[in-house]
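3D model of this:
(4 chains)
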Number of protein chains: 2
Amino acid sequence: MIDPLPGDQELTPLGRPRPVTLADIAREAGTSASTASRALSGRGYVSADARARLLEVAEQLGYVPNASARTLKQRQSSVVGVVVSDLGNQFYGRLGAGIEQTLRNSGYQMVLVADNLSGAEEIAGARTFLELRVPGVIMTPVGREASALLARHGVHVVELDRRLADPPCDAVVLDNELGAREATAHLLELGHRRIGLLVVDTDWTSDIGRLRGYRAAHTELGVAVDEQLVVRVAPTGQDTDARIGALLDVEAPTAIFAANNLLAERAWHVLRQRRLRLPDDISLVGFDDVPWMEMVSPSITAVAQPTTEMGRRAARLLLRRIGDPGSPPVVERLQPRLVVRGSSGAPPRN
Amino acid sequence: MIDPLPGDQELTPLGRPRPVTLADIAREAGTSASTASRALSGRGYVSADARARLLEVAEQLGYVPNASARTLKQRQSSVVGVVVSDLGNQFYGRLGAGIEQTLRNSGYQMVLVADNLSGAEEIAGARTFLELRVPGVIMTPVGREASALLARHGVHVVELDRRLADPPCDAVVLDNELGAREATAHLLELGHRRIGLLVVDTDWTSDIGRLRGYRAAHTELGVAVDEQLVVRVAPTGQDTDARIGALLDVEAPTAIFAANNLLAERAWHVLRQRRLRLPDDISLVGFDDVPWMEMVSPSITAVAQPTTEMGRRAARLLLRRIGDPGSPPVVERLQPRLVVRGSSGAPPRN
DNA sequence: CTGTTAGCGCGTTCAG
DNA sequence: CTGAACGCGCTAACAG
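Residues are numbered from 1 along each chain as shown, chains lettered A, B, ... in the order given. This next block holds a predicted model:
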């Protein structure tokens, strides 16, 4: 339970006690370091009582294996790289939580790097992971270079939330097109004919898919899309509020479909500022259900996704891939769920 | 920019290309490995043109230093341990974001472990960090054992959000007592005399401080505290809603002060379920301002804390400590800010 | 300024 | 079943 670390020990130049090594416990137990290694790692033959003695001495001396030495020798680390865009965003926080949980249960650790939606920072993160000799990386990709770099070095990559990698790799994504189609169809069926779409201007499959779903629903129901209603905002979104305002002023939509939780939040604020009543004056539907959407009045209709579970799946996929490098890439596509609430209703009469 | 990794290379048993080593680039450049090391690490004397040649060859071969080898040799890793309770909670997500940002800017990485409010998992995390030979750990502590274990092994610890460590260590906390005192005084000044307090039942300085602030405000204003109004809920909070319901039924408070964002969320739901109007029927004040508090109607009066900045400070403190192990522990206490909104008003007349 | 030597701690040969 | 020998990749010490 406790490890004593006897009082009169030498200190390393860095001021910390010299860590106990395999050699130490071997000496104490009267064996060689090799035997100690076999006993503690559980690999290889060791007589029952040698093992018992070694385990006891290790416990007693407070032995803690040196991960660096092990990684150097085995050329394989137990640390997995994870890069997400922004931990402060609840969506990425939940992905991270799911990943961490699954990795930890399998004896892996997670080195977490944020890229702030910058391709350069993502690449820097990838370089770091190469230095750490991680067996794999999970990322919500922002560019193509990072995963290409990793792949070139034989590091497994799992893409999460969106697919971007050029040599395709394992991925866990939502069926974004389906989610957007259902949300849009919901509004069309309520009678809306001018539905503004707020979507981030990227080449990510997430946004592309949501845009496609928006179009598909229109096509299915025989409604033409006015391209002026499609607002593609910058990923960093400085002028988002202004763009939303312009959409309202110029295009007079009767409903807005905001294709992620941040855009929904911005849209909600702009609508409130203008004292537009939901859903009487205008309807609002969001993507990625987060707690506030259920708490505001009226509550917000939204496409829910199993965020934490997506993180778990990505980690499982990576662990599988590490165990079996050969098999072809797998893409898991999870199902969204449309949660209808009070913010969506029939369009105003006039 | 790109690293070529010439096509006809041997593959390691794991199926990945054999990484380029210092020896490789030394051979190619016609120097010794030591010189290559000095050139690439920037430490030690190297002639200008030897350095130039080595840098070029390294670039050309796509050299990526092996962090494990370096850590093994230097007995000091560039990876820092971080343990938070739950990444899915926006509060911890923001702390993590601040930590990561600062560490990355200083060339460190963050290994993130969640403890799910379990002391055992926290200790397991600490053991992992010991194996990784991290120079320091930042944690939102749940028990005392983990940081004691780390300290015994000479690993620096910075506590974040609350202080718990027995041999005291660096810490970044909020002035919880002040925040709670201001919030409570605000309610008392509005005329409330029966203020229910929802606080987590821990021995953490955060909750203790908030409880103390609640009491201090009462004392200052000469109001006696009815201890029945103080509800200490379990950290995992299974029966939280029931406890809140009981408080309302039995004690008839005219206001509730919820001492963290999760408790505020629960209280808000319970109040709404009972169709109690804020602030006419009852007032609600939260601790830790999160986005939904500003979005609901009426918006929620809350004690705001600079969460991301607290993460940054903790990282800075740790980096400082790594550079200067000797100096006495530092505690940074940041100031909360009471944000008065619509959920707090005068108590009902009757 | 440079190369040689040695060792960080571990696991994996290979003989015995 | 065990121990001796070796090397993973890097850097610090030390001669030159």
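
and the helix or strand harbouring A:Gly81, does that touch chain B?
For A:Gly81, the host element (DSSP states H and E) is strand A:79-84. Yes: contact of strand A:79-84 with chain B (C-beta under 8 Å from any C-beta of the partner chain) involves A:Val79. For glycine as for every other residue, the C-beta is placed from the backbone atoms N, C-alpha and C.

cool, and stretch A:43-57?
No: Stretch A:43-57 is not in contact with chain B by C-beta under 8 Å from any C-beta; minimum separation 15.9 Å.

quick check: buried residues in that stretch?
A:46, A:50-51, A:53-55, A:57 (16 or more other C-beta atoms under 10 Å in any protein chain shown).

pLDDT averaged over that stretch - what is it?
The pLDDT scores in stretch A:43-57 average 87.

share the number of residues neighbouring the closest residue to DNA strand C within the stretch 151-300 of chain A, please.
Going by C-beta to the nearest atom of the strand, DNA strand C is nearest to A:Gly154 of the stretch 151-300 of chain A, at 18.9 Å. By other C-beta atoms under 10 Å in any protein chain shown, the residues close to A:Gly154 number 18.

please identify the helix or strand for it.
Per DSSP H and E: A:Gly154 is located in neither a helix nor a strand.

from A:Gly81, how far out is the residue lying closest to it once chain neighbours are set aside?
Residue nearest to A:Gly154 in three dimensions, not counting chain neighbours: B:Arg16, with 2.6 Å by C-beta to C-beta, 6 or more residues apart in numbering or on different chains. B:Arg16 is 15 Å from A:Gly81, where distance means C-beta to C-beta, to the nearest Å.

now do A:Ser41
Counting by C-beta to C-beta - A:Ser41 and A:Gly81 are separated by 25 Å.

surely A:Asp24 is in a helix?
Yes: checked against DSSP: H, G, I helix; E, B strand; the rest coil, A:Asp24 lies within a helix.

give me the distance between it and DNA strand C.
8 Å (C-beta to the nearest atom of the strand, to the nearest Å).

residues touching that residue, list them.
Residues in contact with A:Asp24 (C-beta atoms under 8 Å, 6 or more residues apart in numbering or on different chains) are A:61, A:63.

what's the offset of the strand holding A:Gly81 from the middle of its chain?
9 Å (C-alpha atoms, centre = their mean, to the nearest Å).

and the strands in the stretch 51-200 of chain A?
Along the stretch 51-200 of chain A, the stretches classed as strands by DSSP state E, counting those that start in this stretch are A:79-84, A:109-114, A:136-139, A:156-160, A:170-174, A:195-200.

so what strands line up beside the shortest one?
For strand A:136-139, the paired strands and their directions (DSSP bridges) are strand A:79-84 (parallel), strand A:156-160 (parallel).

for those strands, give me a markdown table that also has distance to B:Gly143, mean neighbour count and mean pLDDT.
Formatted as a markdown table, these follow (distance: least, C-beta to C-beta, whole Å; neighbours: other C-beta atoms under 10 Å in any protein chain shown; pLDDT from 0 to 100):
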| stretch | distance to B:Gly143 | mean neighbour count | mean pLDDT |
| --- | --- | --- | --- |
| strand A:79-84 | 25 | 26 | 97 |
| strand A:156-160 | 32 | 26 | 97 |
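
tell me which of those strands sits nearest to DNA strand D.
Smallest distance to DNA strand D across the strands paired with strand A:136-139 (C-beta to the nearest atom of the strand): 16.2 Å, for strand A:79-84.

pLDDT weak spots in chain A?
Applying pLDDT under 70 to chain A picks out residues A:1-15.

residue nearest the centroid of it?
In chain A, the residue lying closest to the centroid (C-alpha atoms, centre = their mean) is A:Leu95, at 4.0 Å.

my guess is A:Tyr92 contacts A:Asp86. True?
Yes: between A:Tyr92 and A:Asp86 there is a contact at 5.5 Å, judged by C-beta atoms under 8 Å.

quick one: which of those two has more around it?
Legend: neighbour count by other C-beta under 10 Å for A:Tyr92 and A:Asp86, higher for A:Tyr92 (23 against 18).

re the thing from before, in contact with the residue nearest to A:Gly154, which residues?
A:153-155.

using a markdown table, lay out those together with distance to B:Arg104.
Converted to a markdown table, the contacts of B:Arg16 look like this (distance: C-beta to C-beta, whole Å):
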| residue | distance to B:Arg104 |
| --- | --- |
| A:His153 | 21 |
| A:Gly154 | 25 |
| A:Val155 | 19 |
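
what is the nearest of the residues you listed to A:His192?
A:Val155 (46.7 Å; C-beta to C-beta).

for A:Asp21, list the residues it contacts.
Careful, residue A:21 is Thr and not Asp. So A:Thr21 contacts A:63, A:66 (C-beta under 8 Å, 6+ apart).

and A:Gly286, helix, strand or coil?
Looking at A:Gly286 with three-state DSSP, the answer is strand.

chain neighbours aside, what residue packs nearest to it?
Using C-beta to C-beta, 6+ apart and skipping the chain neighbours, the partner closest in space to A:Gly286 is A:Ala264 (3.3 Å).

buried ones in the helix or strand containing that neighbour?
Assigned by DSSP H and E, A:Ala264 belongs to helix A:261-273. Using 16+ other C-beta under 10 Å as the test for burial, helix A:261-273 gives A:261-268, A:270-271.
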